[in-house]
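J.: Sequence and predicted model, in that order:
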Amino acid sequence: PLSNAATDGAACVMTGSTNTSSLKRWSSVQAAPRTVEPEELVITVFVATCQLPVFDGIKAPVELTSSSTTTTFKPLKFPTRVSPTSRLQDLQAFLLSQWVIAKSPYATISPDEQFYTFRGRILRLDSRLDANYISDNDTIYIRFSSMGKICDPWAMSTSELRAELKARNAYEIKLQPEQLMLKLQEVVMRESRLQRLQRATKCEETEHVKTITKELVEFQTKILIGRSNAKADGMERPASLSKWPQPPCPNRTVFLSISELERMYQIVPRDVLDPALFVFDIERKWVFDKHNILQKQDFDYKYMCFDKDFLEMLTLKEEAGMVFWFRPAKSYDKMSTFFTSFDDPVTGKKYNPLMLKDAKWLTLCGVNEWEGKVRQDGRKRDTTKHPRFTKSIMRITTNIHSGSFDYLAVQEILYQSNPTLMFAPNRPDHTMVN
């Protein structure tokens with residue numbers, strides 16, 4: 001909870017008071033905490049607005065501009081002190097209580113109109129802060145569906161960033177959300193640079209001219225620092241994700257069920273999700289094409305409804321070429337080509353082609369726990385392969401010939417072809433999801 005000073009300052013800011021001392025006091029508050037026990041770990045998380053306020057039907061138009069150049073929009077920033085494992089809905093409840101105390105107009109907005117973003121990702125209210133890699137002194141953005149355009153690239157979702165960059169012919173594929181934000185911020189900065197230089201020169205603002213001249217160089221330096229920090233923290237896992245069954249390692253994980261991935265992707269550690277490969281037994285259009293109520297009433301309805309945040313993540317993975325849609329082709333040869341296009345981080349080489357020929361599988365029959373009759377065909381036997389997901393050779397070969405997608409058979413094919421691959425749990429245990 002905020003101290004009295006912070007609450008007073010919040011009331012001043014949100015009601016439009018002209019008491020400048022209170023404004024300064026609010027902006028300088030370092031999330032004054034309640035008294036906590038020494039062993040209780042808390043972090044400071046800032047919640048910032050990113051839209052021009054719209055109250056009583058009054059709405060001011062705004063163009064997208066970088067935070068370093070805007071003169072029409074100044075975000076409100078609310079400091080909070082929370083546990084790293086707190087859920088976002090707890091943070092939301094705290095904000096609402098503070099707005100009520102301060103008699104803020106924000107308190108009149110329904111919680112159903114609020115949603116939060118962090119580094120291009122739409123946050124779910126039931127997710128934990130550290131599971132979203134939100135750490136000390138980070139800023140998350142609150143957005144209201146009834147308000148206008150977003151004024152800060154860092155508050156945008158990946159789909160919005162993509163749209164803004166495409167409108168400026170500056171979009172590049174295979175960029176992560178943070179890179180998209182920096183790209184858009186740089187583009188906007190360049191767009192307004194000449195106009196700001198002309199204005200500052202006309203007003204003989206020498207220092208301002210120097211600042212504008214140097215800002216692009218400083219911004220490029222900021223980008224490089226951000227990338228180096230991201231690489232340094234790549235393998236660190238937060239406490240809320242410590243129950244993931246595999247420890248941090250270079251092995252890639254394969255996800256075979258899109259429904260299970262959608263249910264659990266918020267609790268998948270970043271070091272697992274980022275390099276992961278998706279192989280789904282569905283058609284792409286079942287996920288991304290628009291569909292209506294009449295289609296849903298059809299007995300053979302196959303189209304799926306997923307949350308926007310999940311689809312944005314899936315789009316980024318698809319742009320990186322890391323999603324394989326098994327249907328409609330149902331081709332294991334194409335699946336093999338998909339895997340051989342990627343490097344194996346463990347061996348440093350390309351993944352091996354999939355074992356798809358009957359002869360390779362039939363020579364395994366009857367030995368090393370494999371089911372089936374031992375074949376005396378003179379072929380050299382591979383005594384190093386042991387079954388992991390299914391012992392049935394017939395199950396595997398039938399799956400290949402029929403173009404089916406038996407999960408156990410597919411896992412066995414992938415594992416025997418490339419033993420360094422790991423597989424996501426189809427049903428993560430209840431404690432891990434919680």
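T.: Cool, got the structure.
J.: Can I get stretch 126-139 as CSV, trimmed to CA atoms?
T.: Taking C-alpha atoms only, stretch 126-139 is exported to CSV below (Å, rounded to 0.1, in the frame of the first residue of the first chain):
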residue,chain,number,x,y,z
ASP,A,126,-4.9,-14.7,-13.1
SER,A,127,-1.2,-14.9,-14.1
ARG,A,128,1.6,-14.2,-11.6
LEU,A,129,3.9,-11.3,-12.0
ASP,A,130,7.2,-13.2,-12.1
ALA,A,131,5.7,-15.7,-14.5
ASN,A,132,5.4,-12.8,-16.9
TYR,A,133,9.1,-11.9,-16.2
ILE,A,134,8.0,-8.7,-14.4
SER,A,135,10.8,-7.8,-12.0
ASP,A,136,11.8,-4.9,-9.7
ASN,A,137,11.2,-1.4,-11.1
ASP,A,138,9.5,-2.7,-14.2
THR,A,139,6.6,-0.8,-15.7
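J.: can you list contacts of that stretch?
T.: 43-48, 77, 82-89, 91, 118-119, 121, 123, 140, 154, 238-241, 266-267, 270 (Cβ atoms under 8 Å, 6 or more residues apart in numbering). C-beta here means a position set from N, CA and C on the backbone, and glycine is covered the same way.
J.: mean confidence score for it?
T.: Averaged across stretch 126-139, pLDDT comes to 92.
J.: swap in stretch 329-349?
T.: For stretch 329-349, the mean pLDDT works out to 97.
J.: Of all the residues in it, which ones are buried?
T.: Across stretch 329-349, burial judged by 16 or more other Cβ atoms under 10 Å covers 332, 335-336, 338-339, 344.
J.: and those as CSV, adding secondary structure and distance to N368?
T.: Shown next, in CSV, are those (DSSP: H, G, I helix; E, B strand; the rest coil; distance: Cβ to Cβ, whole Å):
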residue, secondary structure, distance to N368
Y332, helix, 23
M335, helix, 25
S336, helix, 24
F338, helix, 28
F339, helix, 24
D344, coil, 24
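J.: What segments of the stretch 1-150 of the chain are helices?
T.: For the stretch 1-150 of the chain, the helices defined by DSSP state H, counting those that start in this stretch occupy 4-15, 20-28, 88-101.
J.: just flag whichever of those helices has the lowest average confidence.
T.: Mean pLDDT per stretch puts helix 4-15 lowest among these, at a mean of 34.
J.: Among the contacts of stretch 126-139, name the buried ones.
T.: Buried among the contacts of stretch 126-139 (16+ other Cβ under 10 Å): 43-45, 47-48, 82-84, 86-88, 91, 118-119, 121, 123, 140, 154, 238, 240-241, 266-267, 270.
J.: And the buried residues of stretch 329-349, which is closest to L52?
T.: Closest approach between those and L52, by Cβ to Cβ: F338, at 46.0 Å.
J.: Is D406 in contact with T397, as I believe?
T.: No - using Cβ atoms under 8 Å as the test, D406 is too far from T397 to be in contact (11.2 Å).
J.: before we move on, back to that, just the contacts of stretch 126-139: which are in strands?
T.: Judged by DSSP state E, the subset of the contacts of stretch 126-139 located in strands is 43-48, 77, 82, 118, 121, 123, 140.
J.: start to end distance for stretch 240-258?
T.: 22 Å (Cα to Cα, to the nearest Å).
J.: can you pull the contacts of the residue nearest to V54 when sequence neighbours are not counted?
T.: Leaving aside its sequence neighbours, V54 sits nearest to M147 (Cβ to Cβ, 6 or more residues apart in numbering; 4.7 Å). M147 makes contacts with 51-54, 59, as judged by Cβ under 8 Å, 6+ apart.
J.: any idea which of the residues you listed is the one closest to T420?
T.: Nearest to T420 out of the contacts of M147 is Q51 (Cβ to Cβ; 46.7 Å).
J.: Quick check: the gap between that closest one and S97.
T.: 22 Å (Cβ to Cβ, to the nearest Å).
J.: which of those two has more neighbours?
T.: Neighbour tally, Q51 and S97, criterion other Cβ atoms under 10 Å: the higher count belongs to Q51, 21 against 12.
J.: now the helices: where do they sit in the stretch 251-400 of the chain?
T.: For the stretch 251-400 of the chain, the helices defined by DSSP H, counting those that start in this stretch cover 258-264, 270-273, 285-288, 293-296, 308-319, 332-340, 358-362, 393-402.
J.: Much appreciated, bye for now.
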